[in-house]
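**Q** Quick check, what structure comes out for this input:
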Amino acid sequence: MENKLSELQARLKVFGMIFRIGSDLFRAADFETAAGMAVNNPAALLKFKRATLLEKTDGKIRVIAQYGQVAVNPHAEVALRQVALLSKAEMPEDKPLRLTRTPEEGAEYLPEVQSALDALLEDGGELIAFQLPAPSFLGDPGFSLIWLLEYDTAIPAYALTSANLLVHSLGEGLFCHRCCSAAGQRRFRKKLSTGKWIAIVLVILAAILLLVRVRDSVNAEFTLKSPETVSAYAWFDGPIAECRKPDGAAVRKGEVILRYDTSALAFRLANAKSQVAEIAKEYDLESAAAFNDRSKLGRVQLIQARLEGARIAVKEAQWYMDHAEVAAPADGVLVLAEGRAELLVNKAVRTGDKLFDVYSGKGVIAEIMVNERESSILLSKNLSASLFLYTQPDRTFDAKILEVKPYAELNEQRTYCYKVRAELSSDMPLRYGMRGVAKLRGESVSLAYFLFRNLVIYFRWL
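**A** Model prediction:
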C-alpha cells in the first residue's frame with residue numbers, strides 16, 4: 001500500500017507542477033517573457049537537453065525563444081538547423097511529431113529532413129515537436145506555435161505523458177499573451193480563478209480514484225512449516241525411561257525414539273505366564289480324572305475358561321511390552337513435545353499425550369494468516385503471493401498457493417484469520433519457524449476501493 005500511495009503522491013505532484021507552469025504564463029509581463037518561461041520552466045519536469053519555441057506564419061518559421069538563452073539568436077547554427085528541419089517536415093495537428101536519425105521500419109525521410117536530423121542529432125537521441133493548440137474562443141489566430149524538445153536518448157514515457165498534458169496550458173497562456181488585450185487577459189485570469197483550479201484538481205483526483213485500476217493486495221504474517229507433520233502419541237500410561245534422540249535431530253522411519261520403563265511390565269508378563277502354567281497343569285490333572293469320572297467335566301470346563309483368561313492376560317502384557325518402544329513414523333526432523341530430551345525422561349505420560357512430531361517432506365510451506373477483514377482477496381481467481389522473511393527483508397520469495405482454508409480460525413492474537421498454505425520456491429537453506437510478511441495480490445480494483453475500504457469498515461461500526 002505504501003508503494004501505491006507514493007505513486008499517487010508523485011502523480012499529484014506532477015499535476016501540480018503542470019498547473020503551476022501554465023498559471024505562471026498568465027502572470028508574465030509580456031509575450032516575450034512568457035515564451036522564455038515556456039521553454040525554461042518545464043526543464044525540471046521533462047528533463048530535456050534543449051527546448052525551443054518557434055512561430056510559423058504564412059509558411060515561414062522563426063525562433064522566438066531558446067532554452068537557457070536570455071536573448072534569441074536566430075542566426076545560431078542550431079536555430080538554423082531547427083528551422084530547416086521544421087520547414088520541410090510535415091507537422092500533424094492532432095499529435096506530436098517524433099523524429100530520430102533512423103526512421104521507423106517502412107518509413108522514409110525527405111533528404112532535407114534527413115540532413116537536418118543528422119546535423120542536430122550527431123550523438124544520437126530523439127526530437128519531438130508539439131503544435132501548441134490555440135484556445136477555442138480565439139478562433140483562427142493566423143499563426144501557429146511549435147514547441148520543440150531534444151533528448152540525448154529515447155524520450156522517457158513519463159516525459160511524453162507530461163508534455164502532452166502541458167501543451168494545452170502552454171498554448172492557452174502564449175496565445176492569450178499574443179492575441180488578447182490586457183482586459184481580455186484579466187477576464188481569462190478571472191475565468192481560471194483559484195477556486196476553479198481547486199475544483200479542476202478535485203475533479204481530476206476523483207477521476208483518478210474511480211478510473212485508475214490497481215491490483216488488490218494485502219499484507220499478512222506467515223510462518224515457515226514442513227510440508228507434512230506426523231505426530232506420535234503415548235500408547236498407554238506409564239513413565240518414560242529413555243529418549244534416544246535430541247530435539248531437532250534427523251530421524252529415519254522406524255528408528256526408536258522413546259522407550260517406556262518396562263520393569264513393572266516385565267513382572268506383569270512373568271506373573272501372567274506363571275498363571276498360565278499353573279492353570280494348564282491343573283487343567284491336565286482334572287482332565288485325566290474326568291476321563292474316569294464324568295461328574296468332573298463341569299470343573300474341567302471352568303478350569304479351561306480360567307486358562308483362556310490367563311492366556312489373554314499374557315497377550316495383553318506382551319502387547320504392552322511390544323509397544324514399549326516408540327519409533328519415528330516417517331523420515332524427517334524430530335520435534336519433541338517437551339522441547340528437550342531430558343525433560344521426557346522419567347516423566348509419567350498418559351494415554352494419548354503427544355510425545356513428539358516428525359517434520360517430513362521436501363521443501364518448506366508458508367502458513368499465511370489473513371485477517372478476516374481483508375479476506376475478500378481470497379475470492380480472487382488469480383491469487384498470488386510474495387514472501388519477505390524478517391531475516392532477509394531485501395529478498396523476495398515467490399510462492400505457489402496450495403490451499404485456502406474454507407473457514408476462519410482464532411489465532412494467538414485472538415483474531416479470526418483464514419489460513420493460506422503456499423509452497424515456497426527457493427533452493428536456500430531455510431529453518432522451520434521463520435516468520436515474515438506475505439504480500440497477497442488478487443484482482444484489479446479501483447484505487448478508491450483500495451485506499452478507503454478500511455475507512456468504510458470503520459464508519460460501518462459507528
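**Q** sec struct for Pro246, please.
**A** coil (DSSP: H, G, I helix; E, B strand; the rest coil).
**Q** so what's it scoring on pLDDT?
**A** For Pro246, the pLDDT comes out at 90.
**Q** Please tell me how far the closest residue to it other than its chain neighbours sits from Ile240.
**A** Setting aside the residues directly before and after it, Pro246 is nearest to Ala341 in space (C-beta to C-beta, 6 or more residues apart in numbering), at 5.2 Å. Where C-beta positions appear, they are placed from N, C-alpha and C, glycine not excepted. Per C-beta to C-beta, to the nearest Å, Ala341 is found 10 Å from Ile240.
**Q** Can you find the helix or strand of this protein with the lowest average pLDDT?
**A** helix 182-191 (a mean of 49; mean pLDDT, DSSP states H and E).
**Q** State the next helix or strand along the chain beyond the stretch of helix or strand Phe19 belongs to.
**A** Here Phe19 is covered by helix 2-26, with elements defined by DSSP states H and E. The helix or strand immediately downstream of helix 2-26 is helix 31-40, counting by DSSP H and E.
**Q** same for that following helix, what does it pack against?
**A** Where contact means 3 or more C-beta pairs under 8 Å, 6 or more residues apart in numbering; DSSP states H and E, helix 31-40 is packed against helix 2-26, strand 50-57, strand 60-66, helix 157-179.
**Q** List the buried residues in it.
**A** 31, 34-39 (16 or more other C-beta atoms under 10 Å).
**Q** now swap in stretch 307-320 and tell me
**A** So stretch 307-320, judged by 16+ other C-beta under 10 Å, has buried residues 307, 310-311, 313-314, 317, 320.
**Q** and the closest residue to Val445 other than its chain neighbours, what is it in contact with?
**A** Closest residue to Val445 apart from its sequence neighbours, by C-beta to C-beta, 6+ apart: Asp216 at 4.6 Å. Asp216 is in contact with 376-377, 380, 441-445, 449-450, counting by C-beta atoms under 8 Å, 6 or more residues apart in numbering.
**Q** For the biggest helix by length in the chain, which residues meet the burial criterion?
**A** Longest helix in the chain by number of residues (criterion: DSSP state H): helix 263-292. Within helix 263-292, the residues scored as buried using 16+ other C-beta under 10 Å are 265, 268-269, 272-273, 275-276, 279, 283, 286, 290.
**Q** Relative to Phe143, which of the buried residues of stretch 307-320 is nearest.
**A** Using C-beta to C-beta, the shortest approach to Phe143 within the buried residues of stretch 307-320 belongs to Tyr320, at 107.6 Å.
**Q** Remind me which helix or strand the closest one belongs to.
**A** With DSSP H and E as the test, Tyr320 turns up in helix 297-322.
**Q** relative to helix 263-292, how tilted is that helix?
**A** Angle of helix 297-322 versus helix 263-292, following axes from the mean of the first three to the mean of the last three C-alpha atoms, to 10 degrees, is 160 degrees.
**Q** And the helix or strand following helix 297-322, what's buried?
**A** Heading C-terminal from helix 297-322, the first helix or strand you meet, by DSSP H and E, is strand 325-327. For strand 325-327, a neighbour-count test (16+ other C-beta under 10 Å) marks Val326 as buried.
**Q** what does strand 325-327 rub up against?
**A** Counting by C-beta under 8 Å, 6+ apart, 232, 234-235, 253-260, 355 sit against strand 325-327.
**Q** So for Asn454, which of the helices and strands packed on helix 31-40 sits nearest?
**A** helix 2-26 (13.3 Å).
**Q** pLDDT of that closest one, averaged?
**A** Helix 2-26 comes out with an average pLDDT of 68.
**Q** Next: stretch 354-374.
**A** Stretch 354-374 comes out at a mean pLDDT of 87.
**Q** Start and end of that stretch, how far apart?
**A** The first and last residues of stretch 354-374 sit 35 Å apart, counting by C-alpha to C-alpha, to the nearest Å.
**Q** Report the distance from that stretch to the chain centre.
**A** Between the centre of stretch 354-374 and the centre of its chain there are 20 Å (C-alpha atoms, centre = their mean, to the nearest Å).
**Q** Would you mark the buried spots in that stretch?
**A** By neighbour count on 16+ other C-beta under 10 Å, the buried set for stretch 354-374 is 355-360, 364-371, 374.
**Q** Check stretch 402-417 too.
**A** 404, 408, 417.
**Q** roughly how far apart are the second one and Glu372?
**A** Remark: distance between Ala408 and Glu372 (C-beta to C-beta) = 5 Å.
**Q** can you list the domain ranges for the protein.
**A** With domains defined by automatic domain parsing, the chain comprises 2-211, 216-226+363-460, 228-260+325-361, 263-323.
**Q** can you tell me which residues contact Ala422?
**A** Applying C-beta under 8 Å, 6+ apart to Ala422 gives the contacts 222, 365-366, 368, 385, 387, 399-402, 438.
**Q** Okay, and it sits in which element?
**A** Using DSSP H and E, Ala422 falls in strand 416-424.
**Q** Strand partners (parallel or antiparallel) of that strand?
**A** With DSSP bridges as the test, strand 416-424 is paired with strand 365-371 (antiparallel), strand 397-410 (antiparallel).
**Q** can you redo those strands as CSV with distance to Asp123?
**A** Shown next, in CSV, are the strands paired with strand 416-424 (distance: least, C-beta to C-beta, whole Å):
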stretch, distance to Asp123
strand 365-371, 51
strand 397-410, 41
